[in-house]
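S.K.: after the sequence you'll find the predicted model.
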Amino acid sequence: MKILVTGAAGFIGNHLALKLLEQGHTVIGLDNLNTYYDVKLKSYRLKRLLEHELYINFKLDITDQSKLNDVFKRYLPDKIINLAAQAGVRHSLSHPKDYIDINISGFLNILEACRNFGTSHLVYASTSSVYGANTEMPFSEKHNTNHPKSLYAATKKANELMAHSYSHLFEIPVTGLRFFTVYGPWGRPDMALFKFTKAILEGRRIDLYNRGKMKRDFTYIDDIVEGTLRCLFNPPKPDAKWDSKQPSPATSGVAPYRVYNIGNNAPVDLMDCVAIIEKCLGKKAILNYMEMQPGDVEASWADSNDLARATNHSPKTPIAFGITNFVNWYLDFYGNTK
């Protein structure tokens, strides 16, 4: 099967593409290798894919509609996984236009390509950030997501709405995945566990927002990959039980559309994560307590029961196991690539 993966040099995209290649699929990988974070890390991720004969690589920005259409027209991929996006809550405060260009205009180009060239299923990345000001936990796909607290979250909510309209109008099966704080080997340098590990090793202080009083539903990369692939090969159909008078935002009666949470269903105190990293490194952190940052939320917690029912998969990697794997990778990678 030919599967197109955007953001193939990114954290999640790289792991997904690698797993698809191992399963014998042809992967058409797209990435613009932008400078939002270390391009060297992205290049090493990409190197893992280029070792496979079934991998086809394009350095391409999804905002370039003409070149994107050329790839679709040439390869006519069976399924699409769109992970290309401008991520990060705090970055959206200083670079808002990046989020409109990539997350809105770029995603529109993906939808248009699916419309014009066809696909049996589009899976795209949403985020737990869409829950915004909602404090009812655990977060359920049936909850209201109309009060985002950052532009990043707003663009991802917009993706869900755009996807539903195209699914309805053009009968494109689409699944949105609300990822919850993904971590693990080959992770993103702008994420907390990566930043903490680097700072502790360098003897620098680590910034703890909301004075460290934060919880996150950390979800290990292997669980994200497994859940995403199970969704990919299980395209949605219109929900026959959907009630238009009391419509569930998780499904649709007028489109082959679905939204799922993918989270560990086990929120962890941020300070517990710091303690695990300290133990792995054998070194204490220098703590810098700070106030809550604009656009941030105090806690996240996924109700992933819908995902479990649909795919028979429930993320369950223990946080100590996952962080240990991440720290071991970090020490090995940065010890060998300096």
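M.R.: That came through fine.
S.K.: for this structure, longest helix please?
M.R.: helix 151-170 (DSSP state H).
S.K.: each with direction, which strands does the helix or strand following that one pair with?
M.R.: Following helix 151-170 in sequence order, the next helix or strand is strand 174-179 (DSSP states H and E). Paired strands of strand 174-179, with direction, are strand 121-127 (parallel), strand 257-262 (parallel) (DSSP bridges).
S.K.: adjacent strands (with direction) for the first helix or strand past strand 174-179 going along the chain?
M.R.: Using DSSP H and E, the helix or strand that follows strand 174-179 in sequence is strand 182-183. Strand pairing for strand 182-183, determined by DSSP bridges: strand 219-220 (parallel).
S.K.: so how far is the partner strand off the chain centroid?
M.R.: Averaging C-alpha positions (CA atoms, centre = their mean, to the nearest Å) puts strand 219-220 11 Å from its chain's average.
S.K.: buried sites along the helix or strand following it?
M.R.: Scanning forward in sequence from strand 219-220 by DSSP H and E, the next helix or strand is helix 221-232. By 16 or more other CB atoms under 10 Å, the buried positions in helix 221-232 come out as 221, 222, 223, 224, 225, 226, 227, 228, 229, 231, 232. Heads up, the C-betas are built off the backbone N, CA and C, glycines and all.
S.K.: who wins for proximity to residue 140 among the strands paired with strand 174-179?
M.R.: Closest to residue 140 of these, according to CB to CB: strand 257-262, at 7.5 Å.
S.K.: tilt between that closest one and helix 151-170?
M.R.: Relative orientation of strand 257-262 and helix 151-170, computed by axes from the mean of the first three to the mean of the last three CA atoms, to 10 degrees: 150 degrees.
S.K.: what are the contacting residues of strand 257-262?
M.R.: The contact list for strand 257-262 (CB atoms under 8 Å, 6 or more residues apart in numbering) reads 126, 128, 139-141, 160, 163-164, 167-168, 173-180, 219, 223-224, 227-228, 231, 236, 238, 249-252, 302-304, 306-307, 310, 315.
S.K.: just the CA atoms of it, as PDB, please.
M.R.: What follows is strand 257-262, C-alpha atoms only, in PDB (Å, rounded to 0.1, in the frame of the first residue of the first chain):
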ATOM      1  CA  TYR A 257     -15.800  11.500  10.300                       C
ATOM      2  CA  ARG A 258     -14.300  10.600  13.700                       C
ATOM      3  CA  VAL A 259     -12.200  12.300  16.400                       C
ATOM      4  CA  TYR A 260     -10.300  10.300  19.000                       C
ATOM      5  CA  ASN A 261      -8.200  11.100  22.000                       C
ATOM      6  CA  ILE A 262      -4.900   9.300  22.200                       C
END
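S.K.: between that strand and helix 221-232, how many degrees?
M.R.: 160 degrees.
S.K.: just after strand 257-262, pick out the following helix or strand.
M.R.: Next element after strand 257-262 (DSSP H and E): strand 268-269.
S.K.: poorly predicted segments of the stretch 151-300 of the chain, please.
M.R.: Counting by pLDDT under 70, the stretch 151-300 of the chain contains no low-confidence segment.
S.K.: residue 83 and residue 7 touch, don't they?
M.R.: Yes. Look at residue 83 against residue 7 with CB atoms under 8 Å: they come within range, at 3.6 Å.
S.K.: list residues touching both of these two?
M.R.: With CB under 8 Å, 6+ apart as the test, residue 83 and residue 7 both reach 13, 125.
S.K.: ok so, going back, for the buried residues of helix 221-232, give me TSV that also has distance to residue 42.
M.R.: Listed next are the buried residues of helix 221-232 as TSV, based on distance: CB to CB, whole Å:
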residue	distance to residue 42
221	16
222	20
223	22
224	18
225	18
226	23
227	23
228	20
229	22
231	25
232	23
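S.K.: tell me the one of those residues nearest residue 285?
M.R.: Checking the buried residues of helix 221-232 against residue 285 with CB to CB, the nearest one is residue 221 at 23.3 Å.
S.K.: contacts only, for the closest one.
M.R.: Applying CB under 8 Å, 6+ apart to residue 221 gives the contacts 11, 12, 15, 182, 183, 184, 185, 186, 187.
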